[in-house]
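K.L.:
kindly generate the corresponding structure for this input.
(chains A and B)
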Amino acid sequence: MVEAIAVETVAGMTPEMIAATQMGLKAVGAGLAVGLTGVGCGIAEMGIGSAAVGAVAENKDIFGLALLFTVIPETIVIFGLVVALLLLF
Amino acid sequence: MLRAKPMTRLFMAGLKEQMAPVIHEIYRHHLFHIHSFSEARGEDYEGFRMGMPLPGAGEAATQLVTVRGLLSALGISRETPESFGRRPVTEVRAWLEKQLPLIRNEVENEVSKKRVLLETDRKKYEDLLREIQPFEAAPLDMDLYQGYEHLSVFAGHIPRDVEIPAPHEKFFNDTVPGRFIVVFTPKEYHLKVERTLLDSHFRAVPIPAGEGSPKELYKAYDARLAEIRRELASIEEKAEKIRKAHAHWLLASEELLMADVEQKEIPLQFATTEQAFIAEGWIPAPEAGSFVSALQKATGGKIFVTEVPMDEVPEQPPVEYDNPSFARPSELFMDVYSRPKYTEIDPTILLSIVFPLFFGLIVGDVGYGLIFLAMSYGLRRYLTGPEGRMLLTNLRNAGIATVAFGILFSEFFGYRLPWGPILFSRHLNIGGEAAAHGPLIPELMILSIWIGVLHITLGRIFGIINHAQQDHGRHRTLAMLANAGWICVMWGILILIWSQFALPLMPDLTGFPPVILGLNLAGILGAAALVGGVILIARDSVLEIVEIPTIISHVLSYTRLVAVGLSSVAIAMVVNFIAIETLIEPQLENLTAVGIIIIIMGVLVFLIGQLLNIALGLLGGGLHSIRLHYVEWFTKFYKGGGEKYTPLGMIRRFTED
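P.N.:
I've put the predicted structure just below:
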């Protein structure tokens, strides 16, 4: 209680406000984690994907391999998603 | 299971007179995968040449072209034959001899030629109709548009009427779509008028030849077109009659001729001398005995056939899957990646079990699972090919697993079922669905990490077995030990973590007293496994050391099983919240006219949102599950690149001996 009052006098915030701010910042962090990793993934897959489509157009047999190459960077966004989930819950 | 079908290498030699009966016998059995002879095969084969096709190959090929021409002219499809039954080969040959020339003449003269002429006419008159149609908007006869020496004529569409700054005669009609304008002007003003018109976005139309009023011309052309269509229809009737009478014969003769051509060209893959031939190839081991005796019988014992010991053969045998029937549809996924080599483990059966489980774990919703099940049966009508069927069977299995995990997770289109989650809860705190406690994220994550650790360990064990079977000498030992090293490093890291942190669902090894460097007994054990593993890896290849972080990234990659699933749950719950709780339910309390519109909007949001989520679930569930196999699992042990087993012969549908 003493602590809470001290905080209130120092920052002009109640404990509820602090908790809400923390939650909000967590949400921002989670959003950034997913968003930025998504962008990273997109950039990485851009080059691979276009090359893979070109290669498949020349030889249909390597479709599986091409798909594999294309989805390799996808792990990045999964990590982002995992971090976001751990942040939020 | 876990292995390709065992193959035996056969070597046969005989006199050239025996070639025809031998080929006939090989073809009939549909078992022999021939290894083609090439003239650059080395000293053992000096003096041998590639064989020549059997006599009659050219004639059969010509006839085949004729039959295929007839099939396409009559529009007979091989895909969906009405239940015809099969016809004896002798009858088909007699039919080919007598009937084929007659039908060919009939189709050529009565159908094909006439059809081509009429189709050309039809196109011509359709074009004429299209061209003349705009001119109905102007009150002029068609002959007034052409044949001038000193006048220019403009006709076309224009967005609005326009002032022409030159002597002219003009007709404008704004009642027709696109509006129509005709301008006559002396030749010397041609450029000026053209520029004015183009500035007003004038689009010229070609002026068709003809005399008299456009309306009457249109009528005449239309009548002629109708007549052409009638004639075409009567030709189609004739074609239908021929099709009804001869479709089966044509399909049967195509099959027979195809088999003829293929058989007659088989000697191209034999090695021959003046008098003799030899052939080599593979046959499934259990069939070898009966196949050899059948060959002996067909030639009266005049052919030499022997099994070649495997270690004398430079090539790897072709690969035919040997799986129980429930695992066969998953062979599709194997072939997409690459067919296994003969000597390596064929993981199809594990894929067929684990893939649906992963899929179910990701989507895990009774409602979506039922929709996938319905799709797998509903689409059977459209995907009739063998590969399509395999895909649908995989979808069915995935659907069943999805329903099962939906029951465990207690989910139905994002709503909870009457009972609570049996497995860890995935219900998020969204809207009125906020549960007593939210999702058990740490537990779910660790569950997926356990799956990853076990899956990868299994992959590495397969790697050890594959190296044991495929490699020789020192490299074999090193490669096997390196794979064991990878397992040690992974489990070493795990034990180290356990010795430092107490995690849910994992053994707690923090209880031991610290011994050295803050590590307790378990920690030292883990560190030892890690260091030992790294040494084993480095002994095989030092460069592999840089790959060690992939252990962590690959294991963590399995968390997608939970992460992708949770995002799909979140989408479903958000859609439900927006559609039902915020749009529909408040309006139902006191119904108004506006309220009904909002309710309809709510229903639309619900349908579109859930549809989107189903599509995402199908794509995400399927792609992520198969990716975990391809990238995280196969890279541990699987190479692929085996040759497909394609025996000589065909599956006969329309003919029989």
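K.L.:
show me the helices in chain A, by range?
P.N.:
In chain A, the helices defined using DSSP state H lie at A:2-11, A:15-58, A:63-71, A:75-88.
K.L.:
least confident of the ones you listed, on average?
P.N.:
Comparing mean pLDDT across the helices of chain A, the weakest is helix A:2-11, with a mean of 52.
K.L.:
export the helices of chain A to CSV and tack on mean neighbour count and distance to chain B?
P.N.:
The C-beta positions use only the backbone N, C-alpha and C, and glycine is treated the same way. What follows is these, written out as CSV (neighbours: other CB atoms under 10 Å in any protein chain shown; distance: least, CB to the nearest CB, whole Å):
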stretch, mean neighbour count, distance to chain B
helix A:2-11, 10, 26
helix A:15-58, 14, 9
helix A:63-71, 19, 4
helix A:75-88, 20, 4
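K.L.:
make TSV out of these and add distance to residue B:461.
P.N.:
Formatted as TSV, these follow (distance: least, CB to CB, whole Å):
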stretch	distance to residue B:461
helix A:2-11	56
helix A:15-58	31
helix A:63-71	22
helix A:75-88	23
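K.L.:
which one of those helices lies closest to residue B:79?
P.N.:
helix A:63-71 (23.3 Å; CB to CB).
K.L.:
enumerate the residues of chain B near chain A.
P.N.:
B:335-338, B:438-439, B:441-442, B:445, B:553, B:556-557, B:559-560, B:562-564, B:566-567, B:623, B:627, B:630-631 (CB under 8 Å from any CB of the partner chain).
K.L.:
find the nearest non-adjacent residue to residue B:61, please.
P.N.:
Counting by CB to CB, 6 or more residues apart in numbering or on different chains, residue B:261 is the residue found nearest to residue B:61 once chain neighbours are left out, at 5.2 Å.
K.L.:
if I've got this straight, that neighbour is in a helix?
P.N.:
Yes - the assignment for residue B:261 (DSSP: H, G, I helix; E, B strand; the rest coil) places it in a helix.
K.L.:
any idea how far it lies from chain A?
P.N.:
Distance of residue B:261 to chain A, given as CB to the nearest CB, to the nearest Å: 26 Å.
K.L.:
for that residue, the count of nearby residues, please.
P.N.:
Neighbourhood size, residue B:261 [other CB atoms under 10 Å in any protein chain shown]: 19.
K.L.:
how about it, what does it touch?
P.N.:
Contact analysis of residue B:261 by CB atoms under 8 Å, 6 or more residues apart in numbering or on different chains lists B:57, B:60-61, B:64.
K.L.:
least confident of those residues?
P.N.:
Within the contacts of residue B:261, lowest confidence goes to residue B:57 (84).
K.L.:
hang on, isn't it packed against residue B:264?
P.N.:
Yes - at 3.7 Å, residue B:57 counts as touching residue B:264 under the criterion of CB atoms under 8 Å.
K.L.:
which phi and psi does the residue sitting furthest away from the middle of chain B have?
P.N.:
Computed with CA atoms, centre = their mean, the residue of chain B farthest from its C-alpha average is residue B:167, at 66.6 Å. With angles defined as degrees, to the nearest 10, residue B:167 sits at phi -60, psi 130.
K.L.:
tell me who's in contact with it.
P.N.:
So residue B:167 contacts B:185-186, B:189 (CB under 8 Å, 6+ apart).
K.L.:
surely residue B:182 is within a strand?
P.N.:
Yes - applying three-state DSSP, one finds residue B:182 inside a strand.
K.L.:
beta-bridge partners for it, please?
P.N.:
residue B:155, residue B:171 (DSSP bridges).
K.L.:
shouldn't it be in contact with residue B:170?
P.N.:
Yes - with contact defined as CB under 8 Å, residue B:182 counts as touching residue B:170 (7.0 Å).
K.L.:
out of the two, which sits in the busier spot?
P.N.:
It is residue B:182, of residue B:182 and residue B:170, that has more neighbours when counted by other CB under 10 Å, with 22 against 15.
K.L.:
so who does the more buried one touch?
P.N.:
Neighbours of residue B:182 in contact, by CB under 8 Å, 6+ apart: B:138, B:140, B:145, B:153-155, B:170-172.
K.L.:
make it 10 Å
P.N.:
B:134-135, B:137-140, B:144-145, B:153-156, B:169-173, B:207 (CB atoms under 10 Å, 6 or more residues apart in numbering or on different chains).
K.L.:
and for residue B:389?
P.N.:
Counted by CB under 10 Å, 6+ apart, residue B:389 has contacts B:329, B:332, B:379-380, B:383.
K.L.:
is it in a helix, a strand, or coil?
P.N.:
Quick answer, by three-state DSSP: residue B:389 is helix.
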